[in-house]
Each structure stands twice: as C-alpha cells, then as structure tokens.
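> can't give you the sequence, but here's the structure:
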C-alpha cells in the first residue's frame, strides 16, 4: 500500500471512530464501555468506559464531553480511584487480597488521572496513598515481593507507581530522587541482558517470553520519561521484530509497537514491520467504527473476575484507545508531523516520548 493510501485509510478510520465514540456518550458526559454495556445495571463501568474514551478522543484531536469533576467523584480521600460496585469478594489478581487491591487501585488511578490531565491539566492530584513508597526501605521491601514469574502483572504495578512518583515531582509534592534510584537499581540487578526484559523462564517458553516483553515495555517508560539510557534496548527490539505482524490482543499489539517506536533500532526493518502491522490494524476496525480486543471469548475488567463481563469481538473504549495508540505511534514514525497526535503525558499505555 502506498503512503497516500495508508494515510487516507487512517483519516477514514479516525472519522468512523469519533462517530462511534459519540454513540457511547451519555447525557452526563460519561461513556459506556461498549454497545453491550447496560449503564443502568453496571454504572461503575462508566468509569473505565469514560477514562478510555477521553484519552482516545484526545489522542485523535477531539475535545471529550466529560468534565474532570465527573471523574473526581470516583476519588477517595487518599487519592485512589475506584470503580463503584467492585467489591472484595469479586476481585482477584493475587492470593493476597492486599496485593490484589493494590494492583487494581494503581491501575484505575493511573488511567483516571490520565483522563483528568486531558480535561483539566492543572488539577493537583492527591497521591497520599503512594507516599509510603517514597521511603527507600519501604520501597525495597515492596520490590522484594515482586513476582517475576508474572512480569506482565508486575510491570503494570511498577510503571503505575513510577507514574505517581513523576506526578509528585511535576507538582512539587516530594523529592522523588531516592525512590527513583531505588527503582532503577532493582531493575538493573534483575534485567536479562540477552533480551532486555524482566521475567522468569524467558528462554524456556514462548509465552513466558511474550509476557516478559509485555511487562517490560511498561517499565521502559520510566527510562524514557527520565532520559536515562535503556540497557539492552537493541535486544528488546530484536525480539519485537521477530514477532508476526498479524493481529493479537490490543495489549500485545500496542506493546510491540510502543517498544519498536521508542527503540529506533534497525530502522529500515522496523518501518517494514510497522507498515505491515498498520495495515493489519486498519483491517481489524469493526463496521461500527470502534475496535475489538480479541475475536472470541469473554472480556472482563482487569481484576474483576466475578463482575462485569461482555463477549469479545465487540468494539469497546479500552481496545479502541489501545489500537489507536498503536496506529498513531506508527503514523508518527512513518510520517513525522503529518498529523498532530495528542499522546499522553503520563507514563503508562499511551505515553510517547518526545522525539
């Protein structure tokens, strides 16, 4: 496909997605997560539906309908954001319920703050819940409990905590230098030099290697945001270039694209890979203008194992935003300056280091 054809397809896909996002909007400015989502039965799912939609619309250059006040209604006094209706007996990420809730709280709070940053960038975050981690001894004890048999889960934990540290720094709330040095030192000790990833069993299982990539890509954002050289980045890029360009889950696809876009390694081969992935992503857009996650199965809110669920294969705001991040990053590499993509400033999915 020629450059002109690909750019035309992106513009057409963008217009269709914006119409689909409008169809998910509710009278109060919130967004359903999908056409399947019954907002009256599952009002709590309006929070992830909304923060995903807000950041997707912003990325595509549209002003979201939501107000920051709507999102702030979900904030607890210590600064954590929670989905209403998500209760203790219905969640699971680890056997320890404290670890389960910490993962869920960090994740939802990171994305909620990302959407608030879009809507009201001067809003000062409350980050009291993260302050104990500024103590290097407390942080070292927490890091010692990270289970690198599940690097994907732990990568989310770590990048989310790092994002809160960086927000504290931006708003002048704390000296984060000792904590950040502790974080980087932990990573330096445990990074696998032959891949650039963190994770147990990378060389003995293709799935373990894939999950190590997915988790490590999140951690990489801490290097990008602080301007530190990332060790073994070429090895990580080599891994990504060896992966097929066919459609995978929305998470895996955006992780591979993010890794390659930021690496700048083997530039010609990277552009060939990204072009093929771009065509696959555009082909995967649903007839309604949104994007699904995976074609079959059941999709749940991360960690809410006995809560809201819907069939896979449906357009939803989570997958639509993630797939547009991948499309926009590819376009930004292939045609710098062609389109003013509004990438996320906070580290985490959607973050793009300034070239």
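Now that the structure is in, tell me what you want to look at. Worth saying up front: this structure is predicted, and the values here are computed from it rather than measured.
> For residue 199, which non-adjacent residue is closest in space?
residue 212 (3.1 Å; CB to CB, 6 or more residues apart in numbering). Heads up, the C-betas are built off the backbone N, CA and C, glycines and all.
> ok, the one you found - how many residues close by?
Residue 212: 27 surrounding residues under other CB atoms under 10 Å.
> Then the one 4 residues further on?
Other residues near residue 216 number 28, with proximity taken as other CB under 10 Å.
> quick one: contacts for the residue lying closest to residue 296 once chain neighbours are set aside?
With CB to CB, 6+ apart as the measure, residue 312 is the residue that lies nearest to residue 296, at 5.6 Å, once sequence neighbours are left out. With CB atoms under 8 Å, 6 or more residues apart in numbering as the criterion, the residues that contact residue 312 are 292, 293, 294, 295, 296, 297, 298, 299.
> okay, the residue lying farthest from the centre of the chain: pLDDT?
Among residues of the chain, the one most distant from the C-alpha centroid is residue 2; the distance is 29.9 Å, by CA atoms, centre = their mean. As summarised for this prediction, residue 2 has a pLDDT of 92.
> Phi and psi next, for it.
Main-chain dihedrals, residue 2, degrees, to the nearest 10: phi -70, psi 160.
> now it: how far from residue 22?
In this structure, residue 2 and residue 22 are 31 Å apart, going by CB to CB, to the nearest Å.
> Next, format the contacts of residue 312 as TSV and append neighbour count.
Written out in TSV, the entries for those read as follows (neighbours: other CB atoms under 10 Å):
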residue	neighbour count
292	23
293	21
294	16
295	9
296	8
297	11
298	9
299	22
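> now, which of these lie within strands?
Using DSSP state E, 298, 299 are the members of these that sit in strands.
> nearest to residue 187, of the contacts of residue 312?
Proximity of those to residue 187, judged by CB to CB, is greatest for residue 293, which lies at 28.9 Å.
> With residue 326 as the reference, measure out to the closest residue to that closest one other than its chain neighbours.
Nearest non-adjacent residue to residue 293, counting by CB to CB, 6+ apart: residue 319, 4.1 Å away. Distance check for residue 319 against residue 326: by CB to CB, it reads 11 Å.
> more neighbours, the two?
For residue 319 against residue 326, the residue with the higher neighbour count under other CB under 10 Å is residue 319, and the figures read 28 against 23.
> In contact with that one: list those residues for me.
With CB under 8 Å, 6+ apart, residue 319 has these contacts: 250, 290, 291, 292, 293.
> Noted, bye for now.
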